[in-house]
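Enquirer: Quick one: sequence and predicted model below, then my questions.
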Amino acid sequence: MIASTSSLTPALLRQLIAAAVAAPSVHNTQPWLFRIDDDVIHLYGDASRQLQAQDPDGRALLMSCGAALLNLRLAAEHFGHTSTTTIFPNADDPLHVAVIDLHGQASSTGMVDELFAAIPHRHTNRLPYEDRPVPPAVLEALAEAASQEGAIFYPVTDAAERRRLVDLIHDADATTDPEVMAEARKWTGVDDSRPDGVPADALGPIPQSPSTPHRDLAPGRVISGRGFAVFESDPTLAVLTTGRDDRASWVAAGQAIQRVLLVATVEGLVATYANQPLEAPGLRWLVRDPDQPISFPQMLFRIGYAPAAPATPRRPVEDVIIEA
């Protein structure tokens, strides 16, 4: 039950939280919780949903929370509320990710309404993409979206650099840490009755070509109905980086990732991740293009045009609200 003594109605608060939880998260773990305190919404990371083997430092958890925070900010502005966000407001609680203070009335600006409308249509798409390039002007729009959240987004245009990244992706795929594999089994290829995790029908097919930059969330597992397919021959890859690599930067990266994905959705694009090397300490720093400014890679995207992919489930709003 959402209760509030503020000027924000329970119905509006539900809409804000519903928008937030539509964000992407690592393995669809949805590692977030919210507390309503009058005109203030507190965002917390949910440690019980952290991938301890794959994400021991919580980078992916905080990026997931950052993506939810971006959706919440957009929803607030769409419904006419200005907001002030404070990251990590409580030094004694590292899971208290943000405080969003909703105050005053304001008209939405820029692409806010378009991006808000795109939230329910943005789905991670692991299908084969069409063999057509993303126009440079659209890639520039994605880079501008990332810059609004303090991140850098750049497409990998050099063929040799793209091959190097594909090799890194497959090097990372060769890792068979049993604890990481156990986490993957817990959260991916799951029964579609669950409100979290990645259902089998959202995994997508397995590429016929081993040179495809693809993330198989269920490597070595037989999933009923999952076959092989030909993927695009010249994929568009892009990297998102930040100037620092601390906890606040990870939250900022999550907001940038989600803004990029929503702009991509508005532009008719789909995207998925090929971020295996970013999860391998020995490979992560090799993802950055040495010709780019020194920065810290946070996400590796595969972007393009494809039919709509199945949506992954979300927990009910009531399940992510904690009592004040």
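Expert: Arrived safely, thanks for sending.
Enquirer: hey, what's Trp32 bridged with?
Expert: Beta-bridge pairing of Trp32 under DSSP bridges involves Gly45.
Enquirer: residues touching it, list them.
Expert: Going by C-beta atoms under 8 Å, 6 or more residues apart in numbering, Trp32 touches Ala20, Val21, Ser25, Leu43, Tyr44, Gly45, Asp46, Ser64, Cys65, Ala68, Val97, Val320. Every C-beta, even on glycine, is put in place using the N, C-alpha and C of the backbone.
Enquirer: Also Asp55?
Expert: With contacts defined as C-beta under 8 Å, 6+ apart, the neighbours of Asp55 are Val26, Leu61, Glu279.
Enquirer: Ok, Val230 next?
Expert: Contacts of Val230 (C-beta under 8 Å, 6+ apart): Pro128, Pro207, Gln208, Ser209.
Enquirer: Name the SS class of the closest residue to the last one other than its chain neighbours, please.
Expert: What that stands for is Ser209. Leaving aside its sequence neighbours, Ser209 sits nearest to Phe231 (C-beta to C-beta, 6 or more residues apart in numbering; 6.8 Å). Of the three states, Phe231 takes coil under DSSP: H, G, I helix; E, B strand; the rest coil.
Enquirer: Over to Thr312?
Expert: State at Thr312, reduced to three classes by three-state DSSP: coil.
Enquirer: Which residue is the nearest non-sequential neighbour of it?
Expert: Closest residue to Thr312 apart from its sequence neighbours, by C-beta to C-beta, 6+ apart: Asn28 at 4.8 Å.
Enquirer: likewise Leu240?
Expert: For Leu240, the nearest residue in space outside its immediate sequence neighbours is Met299; the separation is 4.3 Å by C-beta to C-beta, 6+ apart.
Enquirer: again, but for Arg284
Expert: Nearest to Arg284 is Leu278, by C-beta to C-beta, 6+ apart, at 5.1 Å.
Enquirer: pretty sure the one you found belongs to a helix, no?
Expert: Yes. Under three-state DSSP, Leu278 sits within a helix.
Enquirer: Which of the contacts of Asp55 lies at the shortest distance from Gln255?
Expert: Distance to Gln255 across the contacts of Asp55 (C-beta to C-beta) is lowest for Leu61, with 14.3 Å.
Enquirer: residues touching that closest one, list them.
Expert: Val26, Thr29, Pro31, Gly45, Arg49, Gln50, Leu51, Asp55.
Enquirer: try 10 Å this time
Expert: By C-beta atoms under 10 Å, 6 or more residues apart in numbering, the contact list for Leu61 reads 25-26, 29, 31-32, 45-47, 49-51, 55, 95, 97, 250, 254.
Enquirer: Show me where the stretch 151-300 of the chain has its strands.
Expert: Listed in chain order, the strands found in the stretch 151-300 of the chain under DSSP state E, counting those that start in this stretch are 151-155, 188-190, 198-199, 206-207, 228-229, 236-242, 270-273, 296-304.
Enquirer: Can you tell me which of these is most buried?
Expert: Across those, the average number of neighbours (mean count of other C-beta atoms under 10 Å) peaks for strand 296-304, which reaches a mean of 24.
Enquirer: Would you confirm that Asp113 contacts Leu262?
Expert: No. Using C-beta atoms under 10 Å, Asp113 is not in contact with Leu262; the gap is 11.5 Å.
Enquirer: With that, I have no additional questions.
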